[in-house]
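Participant: With the input below, show me the fold.
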Amino acid sequence: MNVPELVMPGGDLEKVKVAALFGADAVYMGGPHFSLRAYAGNLDSEDMNEAIAFLQQRGKKAYITVNIIAKNRDLAALPAYLEELASLKPDALIVSDLGVMRLARRYAPDLPLTISTQANVCNYEAAAAFADLGAQRLVLARELDLDEIEEIRRKMNIELELFVHGAMCVAFSGRCLLSHYMTGRSANQGACAHPCRYSYALQEEKRPGQYFPIHEDPRGTYILNSRDLCLLRHLPRLIEMGIDAFKVEGRMKSPLYLASTAGVYRQAIERYTATGKAFEPDELETWLRELERTATRPFTSAFIDHDQEMQDVDKGSKGEKAEFCGIVKGFNPLGFLEVEQRANFGPGDTLELLLPGGEAKPLSLAILYNRDMEPMDRARHARQRVYIPSPEAVPEYSVLRRIVKQDEP
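Facilitator: Numbering: from 1, shown residues only. Next up, the predicted model:
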């Protein structure tokens with residue numbers, strides 16, 4: 001059976017490593033320019049070189065995003081940047097702009113090209129056109145349903161990649177102008193301010209200052225606010241269809257999000273390709289509960305099966321949530337886990353260690369220590385190293401999280 005590649009985001013070097021260790025087959029990442037995530041940590045040349053080596057030494061792939069909608073002012077710097085990327089020898093470049101694609105063919109001719117979802121590939125003729133131009137893989141538009149995807153698969157002998165999880169834009173395949181007009185920050189240049197997540201109300205021109213909520217909600221309305229995509233239920237059909245890669249959105253998300261999401265989709269892919277049997281309701285429920293713990297919004301299957309509940313009108317979620325508290329950096333010979341703290345935590349919290357492979361291990365914390373092995377009541381300072389007594393080591397880059405109950409808004 002075809003085993004799709006799991007492609008995870010890597011917003012910085014640490015996230016690249018977490019994504020790889022928790023189940024990614026490939027990681028996509030960007031440099032500080034031209035990559036559509038201007039406010040992600042991104043990777044400079046040194047970090048990118050280390051990330052590519054880390055992945056390739058483990059039999060995984062590194063994809064570099066150069067997927068802005070380029071303007072004239074961007075073109076002068078692109079040849080040198082593309083030559084630099086070629087020297088690092090990633091496994092592919094991800095592009096969307098035809099001009100950038102043409103430059104990549106000239107200045108990085110040995111690197112395979114993946115066409116970004118930003119290129120809006122919605123039909124087999126568009127797919128054929130990009131194939132004729134030398135593309136090896138296409139990331140299909142999110143706006144396609146299952147039958148449309150299947151027809152493109154049937155008619156095209158080219159690798160197809162599909163987003164299966166993560167945040168969605170309200171504009172067609174993310175080509176939104178709202179941020180540019182409202183804030184001066186262009187989404188198509190990687191600087192989106194996410195105005196689709198803002199609260200809006202209706203104002204009639206003869207009633208200035210009177211605001212009418214379109215949805216009965218005291219905070220306003222969220223008519224632009226999409227739910228998060230989750231196609232976990234549809235993986236079996238997509239695998240049978242022959243989709244080559246499943247992609248997860250989230251270069252600006254936390255290592256906890258990467259660990260949780262990679263672990264679930266890795267398990268689901270391996271489970272189906274090994275057995276060919278439909279997911280059991282209880283295992284599907286377990287996976288969805290894990291994904292919901294780290295999701296910021298409710299889920300939708302969106303266009304793929306014409307889900308009518310695509311808007312997060314309540315702008316909130318309920319139930320059990322996981323909060324990112326830290327990353328394991330090592331194990332002290334005296335029997336202490338060394339953790340780099342990312343959020344306030346301490347004794348009394350319900351804590352878990354999320355391990356590569358997907359296991360969630362409860363952590364009973366009675367006391368913790370600072371670098372000088374002095375007792376602390378809580379870890380309060382971001383990125384400080386703290387030490388937690390542990391009877392056994394856990395792998396480096398295991399994720400420490402706190403489980404909390406979140407009430408209905």
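
Participant: which stretches of this protein have low pLDDT?
Facilitator: Counting by pLDDT under 70, the chain contains low-confidence ranges at 36-41, 172-173, 188-189, 213-223, 308, 310-311, 313-318, 407-409.

Participant: Residue 259 reaches residue 17, doesn't it?
Facilitator: No: taking Cβ atoms under 8 Å as the definition, residue 259 is not a contact partner of residue 17, at 10.7 Å. The C-beta positions use only the backbone N, C-alpha and C, and glycine is treated the same way.

Participant: who's more crowded, these two?
Facilitator: residue 259 (30 against 22; other Cβ atoms under 10 Å).

Participant: now the more buried one, what's its secondary structure?
Facilitator: helix (DSSP: H, G, I helix; E, B strand; the rest coil).

Participant: Next: residue 393.
Facilitator: Per three-state DSSP, residue 393 ends up coil.

Participant: how much space is there between it and residue 75?
Facilitator: 51 Å (Cβ to Cβ, to the nearest Å).

Participant: Quick check on the residue nearest the centre of the chain: phi, psi?
Facilitator: When Cα atoms, centre = their mean is applied to the chain, the residue found nearest the centroid is residue 250 (2.3 Å). Backbone geometry at residue 250, expressed as degrees, to the nearest 10, gives phi 140, psi 40.

Participant: what's it in contact with, if anything?
Facilitator: Residues near residue 250 by Cβ atoms under 8 Å, 6 or more residues apart in numbering: 8-9, 11, 166-167, 257-258, 261.

Participant: got it, and residue 210?
Facilitator: Applying Cβ under 8 Å, 6+ apart to residue 210 gives the contacts 203-204.

Participant: where along the stretch 101-250 of the chain do the helices fall?
Facilitator: Using DSSP state H, counting those that start in this stretch, the helices of the stretch 101-250 of the chain run over residues 124-132, 146-155, 178-183, 235-241.

Participant: Need the winner for burial among the ones you listed.
Facilitator: helix 235-241 (a mean of 18; mean count of other Cβ atoms under 10 Å).

Participant: Flag every buried residue along stretch 338-352.
Facilitator: Across stretch 338-352, burial judged by 16 or more other Cβ atoms under 10 Å covers 338-343, 345-346, 349, 351-352.

Participant: no no, stretch 190-198
Facilitator: For stretch 190-198, the neighbour count (16+ other Cβ under 10 Å) marks 190-197 as buried.

Participant: Please give the centre-to-centre distance between that stretch and its chain.
Facilitator: 16 Å (Cα atoms, centre = their mean, to the nearest Å).

Participant: packing partners for whichever strand in the chain runs longest?
Facilitator: Secondary structure of the chain per DSSP state E: the longest strand is strand 319-332. For strand 319-332, the packing partners by 3 or more Cβ pairs under 8 Å, 6 or more residues apart in numbering; DSSP states H and E come out as helix 255-275, helix 281-294, strand 336-341, strand 351-354, strand 385-389, strand 399-406.

Participant: Not counting the fifth one itself, show me its contacts.
Facilitator: Think strand 385-389. In contact with strand 385-389 (Cβ under 8 Å, 6+ apart) are residues 326, 329, 332, 335-341, 363, 365-371, 373, 376, 379.

Participant: excluding its backbone neighbours, what's nearest residue 347?
Facilitator: The shortest distance from residue 347 to any non-neighbouring residue, by Cβ to Cβ, 6 or more residues apart in numbering, is to residue 365 (5.2 Å).
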